[in-house]
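Q: okay, predicted coordinates and the sequence, questions at the end:
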Amino acid sequence: MDKNQNYLSLDLELNTDQDGNTTKIIQVGIAVGNINNINDIKTFKWYVDPKEPISPYITQLTGISQDDINSKAVPLQQVALDLQSIIQEYQPFVNPIQWGHDDNTELLQEFIDNNVSFPFFGHRAIDVKTIYVFLQAARNHSLKGGLRSSMTRYKLHFKGEPHRADVDAYNTLVFFFHLLNRQYSINSVLDNAKSIIS
């Protein structure tokens, strides 16, 4: 694998209705970088108007208030154009990195529902949570855990406040790179063992 390959990590924050069901996107966050320059990961975020009141629970969880939406929200078309510009500049791997498997499809569907053109992202995403659960299962450890607690189990520091889209995207990408480096080390040990045996 080319270690200079850039990857784009995606995270969304969603509003909830009065019954606690997630509804519309209120924040899009991304992080972009490569494994050779983890200290130079770039982050970006956009507020999106869900056209409905922001739930008090969501404000408490994410820090996003109705005032933030009123003063900082941009049209979905602007989000798409900015994302396109970033993708064209950094040329990341086609499938986004995520914690969980729905954010890319959620965002793409939101674009479709609002007639916004966005011919990017592959048909899949690289789900770091699934990789983490697999590794935990292989070690007969607990499969439960959010992003911050899962990183802690690998002695990684979660940087920033959770449930902020750009912060979660950043930490997801850092965790992904850590797991990649871990696999490189395992592969190196296995390759050395094979060469000794042969």
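A: The structure has been received and is ready for your questions.

Q: report the buried residues of the worst-scoring helix or strand of the chain on mean pLDDT.
A: Taking mean pLDDT, DSSP states H and E as the measure, helix 165-197 is the helix or strand of the chain with the lowest mean score, a mean of 84. Across helix 165-197, burial judged by 16 or more other Cβ atoms under 10 Å covers 165-179. Backbone N, C-alpha and C define where each C-beta goes, glycine included.

Q: check this structure for its longest strand and report it.
A: strand 22-33 (DSSP state E).

Q: report the buried residues of whatever helix or strand comes next after that one.
A: Tracing the chain past strand 22-33, the next element assigned as helix or strand by DSSP states H and E is strand 42-47. Under the neighbour-count criterion of 16+ other Cβ under 10 Å, strand 42-47 has 43, 44, 45, 46, 47 buried.

Q: look up the closest residue to the third one, ignoring the ones flanking it.
A: Put plainly, it is residue 45. In space, and not counting its chain neighbours, residue 45 is closest to residue 166: 3.9 Å by Cβ to Cβ, 6 or more residues apart in numbering.

Q: from residue 38, how far off is the residue nearest to residue 50 when sequence neighbours are not counted?
A: Nearest residue to residue 50 in three dimensions, chain neighbours excluded: residue 24, at 3.3 Å (Cβ to Cβ, 6+ apart). For residue 24, the distance to residue 38 (Cβ to Cβ, to the nearest Å) stands at 33 Å.

Q: now do residue 113
A: Residue 113 is 35 Å from residue 38, where distance means Cβ to Cβ.
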